[in-house]
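Engineer: the following comprises the amino acid sequence and a computationally predicted model.
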Number of protein chains: 2
Amino acid sequence: MPDNINNSRAVFFVSDSTGITVETLGHSLLSQFNTVEFISFSLRFIDTEVKAIEAQQTINKVADETHHPPLVFCTLIRPELRKILSDSKGLFFDVLNTFLKPIEDEIGLKAKHDIGRAHGILDDQEYADRISAVSYSLKTDDGSHAKIYDDADVIITGVSRTGKTATCLYLALHYGLNAANYPLVEEDLEGEGLPKTLKQYKNKVIGFNISPERLSLVRQKRRPDSDYSSLSRCRFETRQAESMFSRDQIPLLDVSSMSIEEIASTIVSMLSLTPRTYVP
Amino acid sequence: MPDNINNSRAVFFVSDSTGITVETLGHSLLSQFNTVEFISFSLRFIDTEVKAIEAQQTINKVADETHHPPLVFCTLIRPELRKILSDSKGLFFDVLNTFLKPIEDEIGLKAKHDIGRAHGILDDQEYADRISAVSYSLKTDDGSHAKIYDDADVIITGVSRTGKTATCLYLALHYGLNAANYPLVEEDLEGEGLPKTLKQYKNKVIGFNISPERLSLVRQKRRPDSDYSSLSRCRFETRQAESMFSRDQIPLLDVSSMSIEEIASTIVSMLSLTPRTYVP
């Protein structure tokens, strides 16, 4: 336990499966309180009474040590396991069950109340789509295999170190989309317009740009004190890229202060792409 | 609208940002009702009154056409926008706000009630960790660069087409973990034990196995009617892999019926790995 636990608050995320739902929701809720330091613990795969009792004991111990009830966000679906957690010394949030009753009433059906495998149900087609999109991204990473751009759902372009590769992989894993990326190199930046390779796919190209200050910071980590990471070089490259995108009417996304998932989700919206898989 | 909309139910996921939270929670809730067909619509980046009114109108239109109130899961944080959606003809679920009041009461602080960027806050260190983990995964994909296995948090091994690459990338993107993968080829499978490359890293190796039937199915898509995808070949390979893992006491994960995120989350639990980033 850190010393400052009294100025902060312990949080438990308890689930009977991967914890993805409870951690995602909990994280959103906590981000609404930015002056508190939350210290979070994930208790995943709590699917037996023994594990539930252990979880309760852990929560009680932290409650005693910190003299404050931890926040307990819980997606346990089996009532008898949930009861064990709600009897802990924490402040209990019944994430799924809160909403299940009104849904049951509206659609006139009972919920399964069965261990949640919301993120673990294997859908063969979805699995195949994601795997195929991942290999497409790997194959077309960094400008390679432009021959298969016909199969791309989106082609991301931009200067080096704008997060193109990670975004493509996220788009593949989460949305099953074929995302290629084409890096703008010196030759492209000094050219007269969009690189020839991209011209015929203009309707599915998106350009990343970034503030030169942030780009320089990111590049410093890769090659410190180089021309590549100098502010003047970064200024030149981002200015050239931006005017290329605007001249060729390529939709531009400023990724300077965006996380990878926000960038990916924005691309899906901007280009009105239809995800092949449903994996938020 | 599909014809069978009366036997199914329309669902709206409404958010002022990426929609990750609301879609994740909604998906978990709906997975508890497996006899209903849900037809879902994502309305993301609803951050102005104009967009909220448009969203309300879309929901009302679907309500009128289907003669059933759509389920509306909403994470809008600004009260005036939320009001517009709760006034729609849908059955409204106030996902975040339901839990904010009790948290406020417990910690004695008001929530920001500010547009949620839970998945959009750029944390420089987290961004750098994820990008670095992604490039580690790419570099060590398919058994390459075993020289840098010292830096691995986990090394996944298994026969071809068990989902090793996608899992490594998921571990990198979500948990910031350095995940390498080493494919077991014919030579390894006919050998006397764990491949030499893996022996010294035994404590961070995990073995994937899969049912021969499923493996054959997955391989069929890649190379139909080949020896590689034949059931007898798949039986041989999975049997050899399994006995290798058991002989060398390598933790074994049967991925036959698991989704990528479930596999990743299970690895984190099994090997007690400490994620570098917090991105559920």
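Structural biologist: In hand now; what should we look at? Since the model is a prediction, treat every value here as computed from it, not as a measurement. Numbers count the residues shown, from 1 in each chain, chains lettered A, B, ... in the order given.
Engineer: can you give me the strands in the stretch 101-250 of chain A?
Structural biologist: Here the stretch 101-250 of chain A has its strands, by DSSP state E, counting those that start in this stretch, at A:154-158, A:179-183, A:205-209.
Engineer: any idea how chain A splits into domains?
Structural biologist: Following automatic domain parsing, one gets these domains for chain A: A:3-107, A:124-270.
Engineer: tell me which of the strands of the stretch 101-250 of chain A sits nearest to chain B.
Structural biologist: strand A:179-183 (12.3 Å; CB to the nearest CB). For every residue, glycine as well, the C-beta is placed using N, CA and C.
Engineer: would you single out the least confident of the domains of chain A?
Structural biologist: Mean pLDDT is lowest for domain A:3-107 among the domains of chain A, at a mean of 90.
Engineer: looking at A:Ile121 now. What's its pLDDT?
Structural biologist: Confidence score, pLDDT, at A:Ile121: 50.
Engineer: show me which residues of the stretch 151-280 of chain A sit near chain B.
Structural biologist: Within reach of chain B by CB under 8 Å from any CB of the partner chain, the stretch 151-280 of chain A has these residues: A:163, A:165-166, A:169-170, A:173, A:217-218, A:221, A:257-262, A:265-266, A:268-269, A:278-280.
Engineer: rewinding a little: out of the domains of chain A, flag the one nearest B:Tyr136.
Structural biologist: Comparing these by their distance to B:Tyr136 (CB to CB), the top pick is domain A:124-270, with 12.0 Å.
Engineer: hmm, back to that, in CSV: the strands of the stretch 101-250 of chain A, plus mean neighbour count and distance to B:Leu96.
Structural biologist: Formatted as CSV, the strands of the stretch 101-250 of chain A follow (neighbours: other CB atoms under 10 Å in any protein chain shown; distance: least, CB to CB, whole Å):
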stretch, mean neighbour count, distance to B:Leu96
strand A:154-158, 25, 30
strand A:179-183, 25, 30
strand A:205-209, 23, 30
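Engineer: distance to B:Ser8 added to these, as CSV?
Structural biologist: Listed next are the strands of the stretch 101-250 of chain A as CSV, based on distance: least, CB to CB, whole Å:
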stretch, distance to B:Ser8
strand A:154-158, 30
strand A:179-183, 31
strand A:205-209, 34
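Engineer: re the thing from before, filter the residues of the stretch 151-280 of chain A next to chain B down to the buried ones and express that as a ChimeraX selection.
Structural biologist: Those of these that count as buried under 16 or more other CB atoms under 10 Å in any protein chain shown are selected in ChimeraX with:
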select /A:163,165,166,169,170,173,217,218,258,259,260,261,262,265,266,268,279,280
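Engineer: narrow the residues of the stretch 151-280 of chain A next to chain B to those in helices?
Structural biologist: Among these, DSSP state H puts A:165-166, A:169-170, A:173, A:217-218, A:221, A:260-262, A:265-266, A:268-269 in helices.
Engineer: state the phi and psi torsions of A:Val14.
Structural biologist: phi -120, psi 120 (degrees, to the nearest 10).
Engineer: burial measure for it, as a count.
Structural biologist: Neighbour count for A:Val14, taken as other CB atoms under 10 Å in any protein chain shown: 31.
Engineer: ok, it - contacts?
Structural biologist: A:22, A:43, A:46, A:55, A:72-76, A:85 (CB atoms under 8 Å, 6 or more residues apart in numbering or on different chains).
Engineer: the same query, at a cut-off of 7 Å, please.
Structural biologist: If you count contacts by CB atoms under 7 Å, 6 or more residues apart in numbering or on different chains, A:Val14 has them with A:22, A:43, A:46, A:55, A:72, A:74, A:76, A:85.
Engineer: now render these as a markdown table, adding neighbour count, distance to B:Leu109 and secondary structure.
Structural biologist: Compiled in a markdown table, the contacts of A:Val14 are given as follows (neighbours: other CB atoms under 10 Å in any protein chain shown; distance: CB to CB, whole Å; DSSP: H, G, I helix; E, B strand; the rest coil):
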| residue | neighbour count | distance to B:Leu109 | secondary structure |
| --- | --- | --- | --- |
| A:Val22 | 31 | 22 | helix |
| A:Leu43 | 23 | 25 | strand |
| A:Ile46 | 26 | 29 | coil |
| A:Ala55 | 23 | 26 | helix |
| A:Val72 | 28 | 18 | strand |
| A:Cys74 | 27 | 22 | strand |
| A:Leu76 | 28 | 27 | coil |
| A:Leu85 | 22 | 24 | helix |
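Engineer: farthest pair in those residues?
Structural biologist: Checking the contacts of A:Val14 with CB to CB, the most distant pair is A:Val22 and A:Ala55, at 12.5 Å.
Engineer: out of the strands of the stretch 101-250 of chain A, which comes closest to A:Phe12?
Structural biologist: With CB to CB as the yardstick, what comes closest out of the strands of the stretch 101-250 of chain A is strand A:179-183 (36.0 Å).
Engineer: so what does that closest one touch, helix or strand wise?
Structural biologist: strand A:154-158, helix A:164-175 (3 or more CB pairs under 7 Å, 6 or more residues apart in numbering or on different chains; DSSP states H and E).
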